[in-house]
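Trainee: curious how this folds, go ahead:
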Amino acid sequence: MKGLGTLINVATVLAGSGLGVALGSRLPARTRETLTAGLGVVTVLVALDMARATSNILIVLGSVLLGGLVGEGLRLEERLEGLGRRVEGLVAGASHRSEPRRGTGAGGGRVPVEAGAPALAQAGTGGIARGFVAASLLFCVGPMTVLGSLQDGLTGDFQLLAVKAALDGFASIALASTLGAGVALSAATVLVVQGAITILARVLSGLVTGPALDELTATGGALVLMIGLSLLDIKRVPVANFLPALIFAPVIAWLAQRF
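Mentor: Modelled structure (predicted):
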């Protein structure tokens, strides 16, 4: 069923947010790190499975290299992180002006969020709006959102979104424990953003078929592997800079068939 991955993601964000509000800050950092490592290993396995779809590894190589060059030129990773910092600053400023002075909020630690997303997970005292905006950016502005939704819409395979759902659900526990119930509202953003990409991919599924779809899947696997390496703290890769590779892959595959 195409679109099921997004519904699973929405459910985990809602469940994680509720659990986070109930638990507060009692979830040990060591537990978060252990589970994140486990999710990182599963992400690597998903990436390797996707990579098997290629029938010409040179197409994947060319797509990744060209995509990386274009992404670096456009500074996609830097722009996404800058967007996150600007929005965080605006929301934090608004919360500070609208709330009475109070003591220092609970300190936060590293939470498992999708690699390549803006780092907005620093805890602090804020209202519903702050939790909503911060969580929405964390869950929707990143490579796994695009890759998973495309895969779901094109082929109906939602395994990548299921892994993302686990990551987001876990991250929402940590976020909601410090930013409050506003984190749960980000489920609506996940539904709209991922749902829109999935629907678009479904519309285009008639155009991206055969070898083009296989090479797109394999190239996506290369990007997912980068995410897994980041989750495992092996290598921090600017995954967003490689997103243009998803455009090059089907184009190169089509050209390879014609010439």
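Trainee: and after the worst-scoring helix or strand of the chain on mean pLDDT, which helix or strand comes next?
Mentor: Ranked by mean pLDDT, DSSP states H and E, the weakest helix or strand in the chain is helix 76-98, scoring a mean of 69. Using DSSP states H and E, the helix or strand that follows helix 76-98 in sequence is helix 128-140.
Trainee: residues of that following helix that come out buried?
Mentor: Within helix 128-140, the residues that count as buried by 16 or more other Cβ atoms under 10 Å are 130, 131, 132, 133, 134, 135, 136, 137, 138, 139, 140. Glycine gets a C-beta too; all of them are placed from N, C-alpha and C.
Trainee: identify, from those, the entry nearest to residue 167.
Mentor: residue 139 (8.9 Å; Cβ to Cβ).
Trainee: the closest one: what's it in contact with?
Mentor: Counting by Cβ atoms under 8 Å, 6 or more residues apart in numbering, residue 139 touches 9, 13, 114, 117, 145, 168, 171, 172, 186, 189, 190.
Trainee: in contact with residue 164: list those residues for me.
Mentor: Each residue near residue 164 by Cβ under 8 Å, 6+ apart is listed here: 5, 9, 114, 144, 145, 148.
Trainee: ok, which pair from the residues you listed is furthest apart?
Mentor: Greatest spacing in these, by Cβ to Cβ: 5 and 114 (13.9 Å).
Trainee: looking at the contacts of residue 164, which are in strands?
Mentor: Here DSSP state E is the test, and those give no hits in strands at all.
Trainee: would you list the residues you listed in CSV and tack on distance to residue 228?
Mentor: CSV is the format used below for the contacts of residue 164 (distance: Cβ to Cβ, whole Å):
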residue, distance to residue 228
5, 18
9, 18
114, 11
144, 10
145, 16
148, 13
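Trainee: now, which of the residues you listed lie within helices?
Mentor: Among these, the members falling in helices (DSSP state H) are 5, 9, 144, 145, 148.
Trainee: tell me which element residue 177 falls in.
Mentor: Per DSSP H and E: helix 159-179 holds residue 177.
Trainee: can you name the element that comes right after that helix?
Mentor: Next element after helix 159-179 (DSSP H and E): helix 186-204.
Trainee: now whichever helix or strand comes after that next one: average pLDDT?
Mentor: Downstream of helix 186-204, the first helix or strand assigned by DSSP H and E is helix 210-231. Averaged over helix 210-231, pLDDT sits at 93.
Trainee: again with stretch 250-259
Mentor: Taken as a whole, stretch 250-259 carries a mean pLDDT of 92.
Trainee: what stretches of the stretch 101-250 of the chain score poorly on pLDDT?
Mentor: Applying pLDDT under 70 to the stretch 101-250 of the chain picks out residues 101-127.
Trainee: counting neighbours, what do you get for residue 166?
Mentor: Around residue 166 there are 20 other residues, counting by other Cβ atoms under 10 Å.
Trainee: residues touching it, list them.
Mentor: For residue 166, the contact set (Cβ under 8 Å, 6+ apart) comprises 12, 39.
Trainee: residue 27 contacts residue 178, correct?
Mentor: No - using Cβ atoms under 8 Å, residue 27 is not in contact with residue 178, being 10.6 Å away.
Trainee: neighbour-wise, which of the two wins?
Mentor: Comparing residue 27 with residue 178 by other Cβ under 10 Å, the one with more neighbours is residue 178, at 24 against 18.
Trainee: many thanks, have a good one.
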